[in-house]
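Q: quick one: sequence plus predicted model below, questions after.
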Amino acid sequence: MMNKEQLLPDERIDELHRNGYQIIQNPNKFCFGMDAVLLSGFAKVKQNETCLDLGTGTGIIPILLEAKTPGKQFVGLEIQEESASMARRSVLLNKQEEKVQIVTGDIKEASSIFGAASFDVVTSNPPYMTNQHGLQNPNLPKAIARHEVLCTLDDVVREAARVLKPNGRFYMVHRPFRLVEIISCMTKYKLEPKRMKFVYPYVDKEPNMVLIEAIKGAKSMVKVEAPLIVYKEPNVYTDEIYDIYGY
């Protein structure tokens, strides 16, 4: 069990509003966003299932999935040791070490690290932007999280497909402007999109996120679920968002 004295400079402890859990973050590096929380509400991890989160950052998705689902084991893979260290200390802070493990490693090597067909579920909140999409953040940890600096969409989807068992499920949050590329990439690796939910900041705006569930080796048929609206008015979440956050 860790205590606050073990925080490094610029780190802080934030409340997660689930099971009394907390997370260690450094706002000067990268803090989790709503997309990670929404993915944790969209993903399903059933009893006795194992789940791998690719590019886990500070561990937000496995920590929340352990709180929200009856899954057996949760693993987060993160290439940046500084983030992985915060994730490990958050696991200890929440006394989750029996069910949540953080591994330092490269997404591109996930199937070599864990072996083929080793997980029931894979989740990922990958970098959204290619190197052609705007200026990269000069802060390297933020740039790695937001831009495809160290891995591409193809890397993420390929490794998810490799580590998933037959009929395993892959859950990802991404940007709608890359949807054609995402679906093409998934089907290339025999991951068939089955559920899709668009996230709108307001009811009269365009969607700015898309949540996707794909199943390894499934037949082609996708269900587009009811949209998720984030705000009913400025600074006021909709009831569904409050429910996902656990307020």
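A: Yep, it's here.
Q: pull the helix or strand with minimum mean pLDDT from this structure.
A: For the chain, the helix or strand with the lowest mean confidence is helix 140-146, at a mean of 53 (criterion: mean pLDDT, DSSP states H and E).
Q: wait, what's in contact with the nearest residue to Val45 once chain neighbours are set aside?
A: Leaving aside its sequence neighbours, Val45 sits nearest to Gly71 (Cβ to Cβ, 6 or more residues apart in numbering; 3.4 Å). Glycine gets a C-beta too; all of them are placed from N, C-alpha and C. By Cβ atoms under 8 Å, 6 or more residues apart in numbering, the residues touching Gly71 are Val45, Lys46, Gln47, Asn48, Glu49, Thr50, Cys51, Leu65, Lys99, Val121.
Q: the same query, at a cut-off of 7 Å, please.
A: Contact partners of Gly71, counting by Cβ atoms under 7 Å, 6 or more residues apart in numbering, are Val45, Lys46, Glu49, Cys51, Leu65.
Q: cool, Lys219 as well?
A: Neighbours of Lys219 in contact, by Cβ under 7 Å, 6+ apart: Glu192.
Q: three-state assignment of it?
A: coil (DSSP: H, G, I helix; E, B strand; the rest coil).
Q: please enumerate the helices of the chain.
A: Using DSSP state H, the helices found in the chain span residues 34-42, 60-68, 81-93, 110-114, 140-146, 153-163, 179-188, 239-245.
Q: what mean pLDDT does the fourth one get?
A: Just to be clear, that refers to helix 110-114. When pLDDT is averaged over helix 110-114, the result is 97.
Q: if we can go back for a sec, need the winner for burial among the helices of the chain.
A: Comparing the helices of the chain by mean neighbour count (mean count of other Cβ atoms under 10 Å), helix 60-68 ranks first with a mean of 25.
Q: name the residues that touch that helix?
A: With contact meaning Cβ under 7 Å, 6+ apart, helix 60-68 is reached by 16, 18-19, 21, 23, 32, 36-37, 39-40, 43, 45, 51, 53, 56, 71, 74-76, 90-91, 94, 96, 99-100, 123, 125.
Q: repeat that for stretch 80-92.
A: 1-2, 6, 11, 22-26, 29, 56-59, 63, 76, 78, 97, 100, 102, 104, 141, 144.
Q: could you list the low-pLDDT ranges of the chain?
A: 1-5, 128-150, 247 (pLDDT under 70).
Q: coming back round to it: closest to Ala218 out of the helices of the chain?
A: The minimum distance between Ala218 and these falls on helix 179-188, with 10.5 Å, by Cβ to Cβ.
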